[in-house]
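In: model the following, please.
(one chain, ligands or ions: 2)
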Amino acid sequence: MLNAPSQVFPAPASQQRVAAGGRSKVPLKPGRSLMDWIRLTKSGKDLSGLKGKLIEVTEEELAKHNKKDDCWICIRGLVYNVSPYVEYHPGGEDELMKAAGADGTDLFEEVHRWVNYESMLKECFVGRMALKPIGVTKETCSIVAEEKKLLNGILPKTKELDATSKELIPSDDWFQTDSSITVTIYTKQKDIISELVIVDYQDGKLRGEIILKDYSYILNVELSYAIQEDVAVHTTGKVGKVEIILKKKDNITWKNLGQPLEGHHSFIRCTDRGFHYRKCKLISKTDVTHNTKLFCLMLPQSTHLQVPVGQHIYLKQIIAGTEIVKPYTPVSSSLIPELPNLTAHIFLMIKIYPNGLFTPELDHLQIGEYIYVSNPEGSFKKSQVQTVDDLFLLAAGTGFTPMVKLLSYALNNVCSLRIVKLMFFNKTEGDILWRNKLEELAFQDKRFDVEFILSEPEKEWTGKQGKISSSLLSEFVKRSKDDSKLLICICGPAPFTEQGIRFLQDLGYSSEDIHSFTA
Ligand code: FAD
Ligand code: NAD
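Out: Ligands and ions are numbered 1, 2, ... in the order given. Modelled structure (predicted):
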């Protein structure tokens with residue numbers, strides 16, 4: 001839980017600094033980077049303080065360990081001795097100490113629920129929380145069992161659903177022909193489209209996820225027999241039906257679909273579900289600028305996954321034996337695609353930081369090698385842009401990435417749109433991503449305009465200079481008509497985004513007018 005996307009808790013504003021991850025950090029002492037932490041975890045030192053013994057931790061015991069040099073924290077039912085880690089935490093000691101001797105799950109979920117703390121803190125693992133003793137009846141027994149699973153992060157939180165949400169739980173069924181198996185899910189919701197369905201078939205296991213507003217319906221089965229690799233998905237939006245079509249390998253009559261696995265047939269809040277990864281092959285890697293590359297990854301044939309506009313995925317790599325996860329926002333292959341969209345491919349535009357932890361490793365990935373890619377996430381909804389007249393985009397550096405698909409979507413699908421303007425902040429001319437493509441798009445589509453602002457320009461630069469400011473924004477965000485409906489999207493380093501939002505609010509724009517892209 002360490003550097004930007006790998007820190008456990010946020011940093012207090014007074015000590016914040018921000019690095020490429022976009023997450024606020026406090027300065028760390030030399031020798032206290034994430035890589036240094038990983039080295040320490042491999043050193044064989046007794047970091048849990050229990051010499052490898054695991055214990056059941058009661059609330060009383062947990063509460064005793066609430067000092068910097070004796071600090072235990074519970075995350076999702078698992079207790080860690082984080083004292084050795086305090087100095088390595090980019091969010092700072094104070095933030096970590098907020099959860100000292102207590103349950104830090106909520107604080108953790110708020111910041112980076114996707115950080116793989118199990119891997120990064122595994123040497124600090126003390127044990128699981130003990131269950132509270134309660135009077136034993138048949139009913140309480142099942143509650144205890146349920147809570148135990150919940151604590152271990154296994155059980156879907158279906159019991160938290162209100163009555164209306166419970167009525168919305170989808171149902172599923174399956175049937176077969178000689179050559180195929182079709183799993184049908186009745187979602188009880190309309191407007192189901194293909195990108196709301198994610199399906200994987202790996203090692204004999206079929207996992208399906210359907211995103212239904214803020215909830216996920218999960219199907220997770222160990223299939224009775226092996227199937228062929230290609231998996232197809234059909235959606236019938238009007239009736240809310242999803243069909244997953246599998247091809248049999250042999251002409252066998254199946255007696256049942258298979259054995260249910262963890263979380264099968266569950267309906268949970270999207271924010272409560274775990275992350276699911278599949279291995280994707282690196283197909284190509286091309287230079288975009290001196291330090292940024294376009295990576296093309298191919299999904300397995302047995303995966304159905306489309307990343308919606310404005311959403312990101314997580315990449316996972318094992319670095320020095322520890323799983324490290326970072327978010328990236330897929331782009332399209334080009335701003336004006338010459339080829340039809342390749343749905344089995346994911347394009348990522350990634351800046352390589354020579355002294356970063358994740359991107360140098362990624363840069364070493366060879367064509368044909370594999371990397372883990374998660375399901376998509378993100379709060380942006382296409383409906384935010386579907387009825388706007390004016391769209392204003394503010395991007396800094398790689399904060400341009402969510403704007404790529406958004407631009408294509410808006411210009412090709414939003415009929416009401418009159419103007420789309422992008423203000424793109426970079427350090428130098430050489431840092432501008434897809435400058436030619438942006439200028440070509442502005443030439444081709446009269447509704448679109450782009451302006452480049454440099455913060456560290458060379459002498460020859462005749463365009464605008466500086467960083468995001470109130471005066472730049474008041475000049476840039478001008479409605480096409482007095483009553484036009486607008487949306488302003490912003491993405492870049494955290495201070496850029498924070499300042500931008502503040503300036504826009506001071507200029508009178510409401511929170512509905514602004515969308516900021518964050519993890
Ligand atoms: P890091 O190890 O995080 O380091 C980056 C820089 O910060 C280095 O220069 C390092 O020296 C410095 N640094 C790190 N920690 C400290 C510290 N404690 N004190 C001082 N300096 C420090 N990036 C893209 O390129 N493309 C994308 O599409 C993209 N999408 C994103 C989507 C989201 C939702 C978010 C939140 C981020 C996205 N990012 C994207 C950023 C990405 O997730 C990584 O943060 C980025 O790739 C840097 O990772 P790294 O491990 O290589 O660098
Ligand atoms: P960079 O360091 O090259 O800076 C680009 C521009 O951002 C600068 O020219 C400047 O105008 C502005 N800027 C930088 N620091 C600033 C500050 N402290 N105050 C005001 N303006 C500032 O940018 P980069 O290395 O390409 O970093 C891009 C950032 O965008 C990363 O932090 C990344 O995590 C974030 N990002 C977020 C998402 C998302 O969806 N949330 C997606 C992609 C990238």
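
In: from ligand 2, how far out is the residue of the stretch 251-400 of the chain found nearest ligand 1?
Out: Scanning the stretch 251-400 of the chain for the residue nearest ligand 1 gives residue 356, at 2.4 Å (criterion: CB to the nearest ligand atom). (Glycine included, C-beta is placed from N, CA and C.) With distances defined as CB to the nearest ligand atom, to the nearest Å, the gap from residue 356 to ligand 2 amounts to 10 Å.

In: cool, and residue 121?
Out: Taking CB to the nearest ligand atom, one finds residue 121 at 23 Å from ligand 2.

In: the closest residue to that residue other than its chain neighbours and ligand 2, how far apart?
Out: The shortest distance from residue 121 to any residue other than its chain neighbours is 4.7 Å, reached at residue 80 (CB to CB, 6 or more residues apart in numbering). Note on residue 80: its distance to ligand 2, by CB to the nearest ligand atom, is 26 Å.

In: repeat that for residue 361.
Out: Applying CB to the nearest ligand atom to residue 361 and ligand 2 gives a distance of 17 Å.

In: so what's that residue up against?
Out: Neighbour list for residue 361: 317, 319 [criterion: CB atoms under 8 Å, 6 or more residues apart in numbering].

In: checking my notes, it in a helix, right?
Out: Yes: judged by DSSP: H, G, I helix; E, B strand; the rest coil, residue 361 forms part of a helix.

In: now for the protein, the helix or strand with the poorest mean pLDDT.
Out: The helix or strand of the chain with the poorest confidence is helix 138-151; it has a mean of 37 (mean pLDDT, DSSP states H and E).

In: and stretch 64-78, end to end?
Out: End-to-end distance of stretch 64-78 (CA to CA, to the nearest Å): 16 Å.

In: next, the buried residues of that stretch.
Out: 65, 71, 72, 73, 74, 75, 76, 77, 78 (16 or more other CB atoms under 10 Å).

In: turn the residues you listed into a markdown table, including distance to residue 243.
Out: Listed next are those as a markdown table, based on distance: CB to CB, whole Å:
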| residue | distance to residue 243 |
| --- | --- |
| 65 | 52 |
| 71 | 51 |
| 72 | 48 |
| 73 | 45 |
| 74 | 42 |
| 75 | 38 |
| 76 | 34 |
| 77 | 37 |
| 78 | 38 |
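
In: distance check, the nearest residue to residue 89 once chain neighbours are set aside against residue 41.
Out: What sits nearest to residue 89 in space, not counting adjacent residues and going by CB to CB, 6+ apart, is residue 96, at 5.0 Å. Residue 96 is 17 Å from residue 41, where distance means CB to CB, to the nearest Å.

In: where does the stretch 151-300 of the chain get nearest to ligand 2, which residue?
Out: For the stretch 151-300 of the chain, CB to the nearest ligand atom, closest residue to ligand 2: residue 292, 7.9 Å.

In: please list all residues in contact with that residue.
Out: 349, 350, 351, 352, 398, 433 are the contacts of residue 292 under CB under 8 Å, 6+ apart.

In: so where is this structure shaky, pLDDT-wise?
Out: Along the chain, the model assigns pLDDT under 70 to residues 1-26, 111-113, 132-165, 337-342.

In: change it to 50
Out: By pLDDT under 50, the weakly predicted segments of the chain are 1-7, 10-23, 134-157, 159.

In: just how off-centre is stretch 504-512 within its chain?
Out: Relative to the chain's own centre, stretch 504-512 is displaced by 27 Å; criterion: CA atoms, centre = their mean, to the nearest Å.

In: can you count the residues close to the closest residue to ligand 2 within the stretch 251-400 of the chain?
Out: Ranked by CB to the nearest ligand atom, the top residue of the stretch 251-400 of the chain for proximity to ligand 2 is residue 397, at 2.0 Å. For residue 397, the neighbour count with other CB atoms under 10 Å is 21.

In: what are the phi and psi values for it?
Out: phi 60, psi -130 (degrees, to the nearest 10).

In: dump the residue contacts of the residue lying closest to it once chain neighbours are set aside.
Out: Take residue 397 and drop its neighbours on the chain: the residue closest to it by CB to CB, 6+ apart is residue 492, 5.8 Å away. Shown in contact with residue 492 (CB under 8 Å, 6+ apart): 22, 394, 395, 396, 397, 399, 425, 500.

In: in helices only, show me the contacts of residue 292.
Out: Among the contacts of residue 292, none falls in helices (DSSP state H).

In: quick check: PyMOL command selecting the buried ones in these.
Out: To isolate the buried ones among those in PyMOL, judged by 16+ other CB under 10 Å, type:
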select buried, resi 349+350+351+398+433
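
In: taking the contacts of residue 292, tell me the two that lie furthest apart.
Out: 352 and 433 (13.2 Å; CB to CB).

In: residue 96 and residue 41: who's more crowded?
Out: residue 96 (25 against 22).

In: circling back to that earlier point, surely the residue nearest to residue 89 and residue 84 touch.
Out: No: contact criterion CB atoms under 8 Å: residue 96 and residue 84 do not qualify, at 11.6 Å.

In: how near is residue 343 to residue 217?
Out: Per CB to CB, residue 343 is found 22 Å from residue 217.

In: which of these two has more neighbours?
Out: Under the neighbour definition other CB under 10 Å, residue 343 and residue 217 were set side by side, and residue 217 has more, 26 against 13.

In: so that one sits against residue 209, correct?
Out: Yes: counting by CB under 8 Å, residue 217 does reach residue 209; the two are 7.1 Å apart.

In: buried ones in stretch 223-230?
Out: 223, 227.

In: how about the helix or strand where residue 503 lies and ligand 1, touching?
Out: Assigned by DSSP states H and E, residue 503 belongs to helix 494-506. No: contact of helix 494-506 with ligand 1 is not found when judged by CB under 6 Å from any ligand atom; the minimum separation is 8.7 Å.

In: what residues of that helix count as buried?
Out: So for helix 494-506, counting by 16+ other CB under 10 Å, buried means 494, 495, 496, 497, 498, 499, 500, 501, 503, 504.

In: quick one: is stretch 416-434 near ligand 1?
Out: No: Stretch 416-434 lies apart from ligand 1 when judged by CB under 6 Å from any ligand atom; the minimum separation is 9.6 Å.

In: look at that stretch and report the distance between its end residues.
Out: The first residue of stretch 416-434 is 26 Å away from its last residue (CA to CA).

In: what residues of that stretch count as buried?
Out: In stretch 416-434, counting by 16+ other CB under 10 Å, buried: 417, 419-426, 429, 431-434.

In: likewise for stretch 261-276?
Out: Buried, per 16+ other CB under 10 Å, within stretch 261-276: 263, 264, 265, 266, 267, 268, 269, 272, 273, 274, 276.
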